[in-house]
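A.B. asks: Below are the sequence and a predicted model for it; my questions follow.
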Amino acid sequence: MIVDFFFVLFAVMAIGGAAGMVLARNPVASVMYLVMAFFALSGVFVLLDAHFIAAVNLIVYAGAILVLFLFVIMLLNLGRTEKTDLRGPLYRMLAIVSGGAFFGLLLVMLRGGHVTSMAGGMGQETMDAMLRARGAVGVVADPMFRSYLVPFEITALLLLVAVVGAIVLARQKAP
C-alpha cells in the first residue's frame, strides 16, 4: 500500500518535472525541472529495487550532466528576457506531425511485438545467475566498458566539445 503511494507520488513528480521542463520559458528553470524529474525517476528505481541504477542516475545525470547544462546556460547567458523562441503555426504543425509520427511508430512496434528486452533475449534464470556470479555492478559495468566503450568515450568527447564550444561562443571580443 505504501509502495503504491510512493510510486504514484514519484510518477506525478516525474511527469510534472518533465512537463515543467518543456513548458518553462526560462532555461535555468527548465534545467531545475529536469533535475526534479531525475530525482523522481531515481525514487521509482529505488522502489523497483534497482538501487545501483538510482544512484548512477543521481550521480551521473542529476549531478554531472545537468550541472554541465546549467553551467553552459549561465555561461551563454540564455536567461534573456527578449523573445527568441521560434514560435508560430509552422513550428507547431511540425511538432504535432513529428510527435504523432513518433507515437504511431511506437504503437506499431508495441502491437507488432518488436520490443526487445534490456536483457538482450536472456531469460530470467540467466539474469539471476549473472547477478549471483558478478553482482549488479559487474553485470552493468562489464558490457559498458567492454562492448560499449567506444560509444561511452564518444559521448565524453561530445560533452567536452560542447563545453569548449560554449566557452568560445561566450567569450567576448576585446576592443
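C.D. replies: Looks like it came in fine.

A.B. asks: Compute the number of surrounding residues for G135.
C.D. replies: Neighbour count for G135, taken as other Cβ atoms under 10 Å: 12. In this view, the C-beta of every residue, glycine as well, is placed from N, C-alpha and C.

A.B. asks: Start the count at 10 instead of 1 going forward.
C.D. replies: Shifting the count to begin at 10 puts that one at G144.

A.B. asks: Just list what the helix or strand hosting it packs against, helices and strands only.
C.D. replies: Assigned by DSSP states H and E, G144 falls within helix 133-155. The contact analysis (3 or more Cβ pairs under 8 Å, 6 or more residues apart in numbering; DSSP states H and E) places helix 133-155 against helix 60-65.

A.B. asks: Name the next helix or strand downstream of the helix it packs on, please.
C.D. replies: helix 75-85.

A.B. asks: Report the buried residues of that following helix.
C.D. replies: 75, 78-79, 81-82 (16 or more other Cβ atoms under 10 Å).

A.B. asks: which parts of the helix holding G144 are buried?
C.D. replies: M139.
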